[in-house]
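# Sequence below, structure please.
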Amino acid sequence: MIEVHVNGEFMRIDRAVFIALFDNSVAHARAPYEHALTDRRIGLDALVKLARVADIPFSLLFAPFAVVERQVALKTEKLLQGLTKDSFSLSSRHKVELRDVELIVKDLLRKQQLLKSLNPSTSMNQVVGAMRRRSGSLVQDAERFRGLVDLDPEEIHRARTKDAALSLIIAKAEAKQIFVSQSQNLYMPQRLVGVKFSGMTIKDAKIPFVFLAGGDEDEHGEPAGRRVFTLTLMLTLVARGIFAPVNYDGTSTGPSPGYDYDLVAEILMPAADLTREHAESLGMIQATADRYKVTPSAVVVRAMRLGLLERDAALTHLNALREEFAQRKESQPRPAKPINAVRKYNGTEYSRRMLAAVDMGKLSTADFCRVVCLNKLKPPQIADFRAALG
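Model prediction:
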């Protein structure tokens, strides 16, 4: 049993109930939970705070284990309405657990339901599942995907920066009714701390969501280039009808992670074009990465898989990139302005549609701030939020 201490007295919670509830929640790594398991005791105030963090009704802590099991199963079933399996990993040793992302999944599911309730005539999405069947040719499938989302490679190449290329791809996705949410710690329901996680796709036949995590930048200081690859990967998964948390290691020189990785590599770095680049020296690799708006390490791995670089040369380049990044001075990122952070987490198209609902009287400004902005903005800030959307 776990003893709950209140003013010198105590009551007991079944240890199995305690573990079942908190181990399947976002509070599983919190110190009070771990200490309670070790000490077999916890203060009432600490328990109440822990339950609030985990979004667990306090009375459920004292329910029979069978009841708790059913509630945990129901919660998992609800989360999996937006997902097709636990995780989708490419050459990664890390597995994404549902508890690591559950509050974000719940929030994106709520966003979908709100959108559909306010816009009941929303049409079926033409990208979802359109590429379930492969054509047998990566080149043909890459071209097919570009046509589905109206993605012109030359537009990406002409983008001024990798951030601009990322914004372009987001705009293309949202024009096809695929909503893109970007990780913004402190402005979303759940912080992503210490989670090896690239993003996830959330299921819906009309308005699927893509969540793009900030993530640990394993590709040597190129967050924008990594996100270009990650976002394209997740958009291809939507086209293939795969909805899951996504984790991939873009620096792996091991066996090919398979069709999905190779498809995205062909979309962004076509084999025919890369062969003409002669990207062998580190300087040429970095220039090629700037052209394709990906990370230098992505170019290295792609060239190796195409047989344009020997594996030893690829490893040498990857080590050099890693050392170059390690020698850079770490800059402290500026805190995001609330308006910009809310805009990125919500996504531009979702925000615009919700503002349209406010304009039509379908949503009050108070509800907009509470439901859409998670109380991170107040009604007087809505005008500035609208301006930030452009």
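# The longest helix anywhere in the chain: what's the following helix or strand?
Counting by DSSP state H, the longest helix found in the chain is helix 98-118. Elements were assigned by DSSP states H and E; along the chain past helix 98-118, the next helix or strand is helix 138-149.
# Report the contact partners of the residue lying closest to residue 114 once chain neighbours are set aside.
Excluding the flanking residues, the one nearest residue 114 by Cβ to Cβ, 6 or more residues apart in numbering is residue 371, at 6.6 Å. Backbone N, C-alpha and C define where each C-beta goes, glycine included. Counting by Cβ atoms under 8 Å, 6 or more residues apart in numbering, residue 371 touches 110, 114, 363.
# give me the number of residues near residue 144?
Neighbourhood size, residue 144 [other Cβ atoms under 10 Å]: 16.
# and the gap between residue 3 and residue 61?
Noted for residue 3: a distance of 13 Å to residue 61, by Cβ to Cβ, to the nearest Å.
# When the two are compared, which one has more neighbours?
Neighbours were counted for residue 3 and for residue 61 using other Cβ under 10 Å; residue 61 has more, 20 against 16.
# Which of the three states applies to that one?
helix (DSSP: H, G, I helix; E, B strand; the rest coil).
# Check what pLDDT it gets.
What the model reports as pLDDT for residue 61 is 90.
# which sections of the protein are below the confidence cut-off?
In the prediction, the chain carries residues with pLDDT under 70 at positions 79-80, 82, 84-95, 193-194, 215-222, 253-256, 329-333.
# how close does the one residue sitting closest to the centre of it get to residue 326?
Closest residue to the average C-alpha location of the chain: residue 199 at 2.3 Å, with Cα atoms, centre = their mean. For residue 199, the distance to residue 326 (Cβ to Cβ) stands at 26 Å.
# swap in residue 319?
Taking Cβ to Cβ, one finds residue 319 at 10 Å from residue 326.
# One more: residue 372?
For residue 372 relative to residue 326 (Cβ to Cβ), the value is 41 Å.
# Residue 367 now?
Computed as Cβ to Cβ, the residue 367 to residue 326 distance reads 48 Å.
# Can you name the next helix or strand after the host helix or strand of residue 247?
According to DSSP H and E, residue 247 maps onto strand 245-248. Using DSSP H and E, the helix or strand that follows strand 245-248 towards the C-terminus is helix 259-268.
# Now do the helix or strand encompassing residue 66 against helix 98-118, angle only.
Using DSSP H and E, residue 66 maps to helix 65-79. Angle of helix 65-79 versus helix 98-118, following axes from the mean of the first three to the mean of the last three Cα atoms, to 10 degrees, is 60 degrees.
# Please spell out which residues along helix 65-79 are buried.
Going by neighbour count (16 or more other Cβ atoms under 10 Å), the buried part of helix 65-79 is 68, 71-72, 75, 79.
# Kindly reformat these as JSON lines containing distance to residue 338.
Below are the buried residues of helix 65-79 laid out as JSON lines (distance: Cβ to Cβ, whole Å):
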{"residue": "68", "distance to residue 338": "37"}
{"residue": "71", "distance to residue 338": "34"}
{"residue": "72", "distance to residue 338": "34"}
{"residue": "75", "distance to residue 338": "30"}
{"residue": "79", "distance to residue 338": "28"}
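# Could you single out the nearest of those residues to residue 278?
Closest approach to residue 278 among those (Cβ to Cβ): residue 79, at 47.6 Å.
# mind checking how far the one helix or strand residue 172 maps to is from the chain centre?
Applying DSSP H and E as the criterion places residue 172 in helix 162-175. Helix 162-175 sits 15 Å away from the centroid of its parent chain (Cα atoms, centre = their mean, to the nearest Å).
# For it, list the C-alpha coordinates in PDB.
What follows is helix 162-175 as a C-alpha-only set of coordinates in PDB (Å, rounded to 0.1, in the frame of the first residue of the first chain):
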ATOM      1  CA  LYS A 162      15.700  26.500 -44.500                       C
ATOM      2  CA  ASP A 163      13.200  28.100 -42.200                       C
ATOM      3  CA  ALA A 164      11.600  29.700 -45.200                       C
ATOM      4  CA  ALA A 165      11.500  26.300 -46.900                       C
ATOM      5  CA  LEU A 166       9.800  24.800 -43.800                       C
ATOM      6  CA  SER A 167       7.200  27.600 -43.900                       C
ATOM      7  CA  LEU A 168       6.600  26.900 -47.600                       C
ATOM      8  CA  ILE A 169       6.000  23.200 -47.000                       C
ATOM      9  CA  ILE A 170       3.600  24.000 -44.000                       C
ATOM     10  CA  ALA A 171       1.700  26.300 -46.300                       C
ATOM     11  CA  LYS A 172       1.400  23.600 -49.000                       C
ATOM     12  CA  ALA A 173       0.200  21.100 -46.400                       C
ATOM     13  CA  GLU A 174      -2.400  23.400 -44.900                       C
ATOM     14  CA  ALA A 175      -3.700  24.300 -48.400                       C
END
